[in-house]
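Undergrad: Have a look at this fold, sequence not included:
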């Protein structure tokens with residue numbers, strides 16, 4: 001019976017504080033991961049907001065490319081006449 005009490009005392013004095021310390025470290029790491037995930041989510045939401053105008057910008061780019069191509073064709077035709 002005495003050994004039983006000594007085992008219980010060792011459990012309460014040594015094992016339980018070690019387990020509490022390990023659990024505390026684990027929860028701290030989880031909180032840091034959660035904060036990093038929240039930051040990533042906020043950044044992703046910001047990027048999505050910035051990309052809403054992408055189709056309009058691509059349409060403008062297509063128009064500009066067509067205008068430049070037409071100008072290049074006219075320039076090349078003029079140069080061909082001169083040569």
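TA: Great, that's in hand. Note that the structure is predicted; figures quoted are calculated from it, not measured.
Undergrad: and the residue most central in space within the chain, what element?
TA: The centroid of the chain falls nearest to residue 40 when counting by CA atoms, centre = their mean (4.2 Å). In this assignment (DSSP states H and E), residue 40 forms part of helix 16-50.
Undergrad: Mind listing what's buried along that helix?
TA: The neighbour-count check on helix 16-50 (16 or more other CB atoms under 10 Å) flags nothing as buried. C-beta coordinates here come from the backbone N, C-alpha and C atoms, glycine included.
Undergrad: Can you get me a residue count around residue 56?
TA: For residue 56, the neighbour count with other CB atoms under 10 Å is 9.
Undergrad: list the contacts for the residue nearest to the centre of the chain?
TA: Going by CB atoms under 8 Å, 6 or more residues apart in numbering, residue 40 touches no other residue.
Undergrad: I'd like the distance between it and residue 33.
TA: Residue 40 sits 10 Å away from residue 33, going by CB to CB, to the nearest Å.
Undergrad: now do residue 26
TA: For residue 26, the distance to residue 33 equals 11 Å [CB to CB].
Undergrad: Residue 19 too?
TA: With distances taken as CB to CB, residue 19 is found 21 Å from residue 33.
Undergrad: and if you look at residue 74?
TA: In terms of CB to CB, residue 74 sits 60 Å off from residue 33.
Undergrad: again, but for residue 25
TA: Residue 25 is 13 Å from residue 33, by CB to CB.
Undergrad: number of nearby residues for residue 79?
TA: The tally of other residues near residue 79 (other CB under 10 Å) stands at 9.
Undergrad: show me the contacts for it.
TA: Shown in contact with residue 79 (CB under 8 Å, 6+ apart): no residues.
Undergrad: does it sit in a helix, a strand or a coil?
TA: At residue 79 the chain is in helix, as set by DSSP: H, G, I helix; E, B strand; the rest coil.
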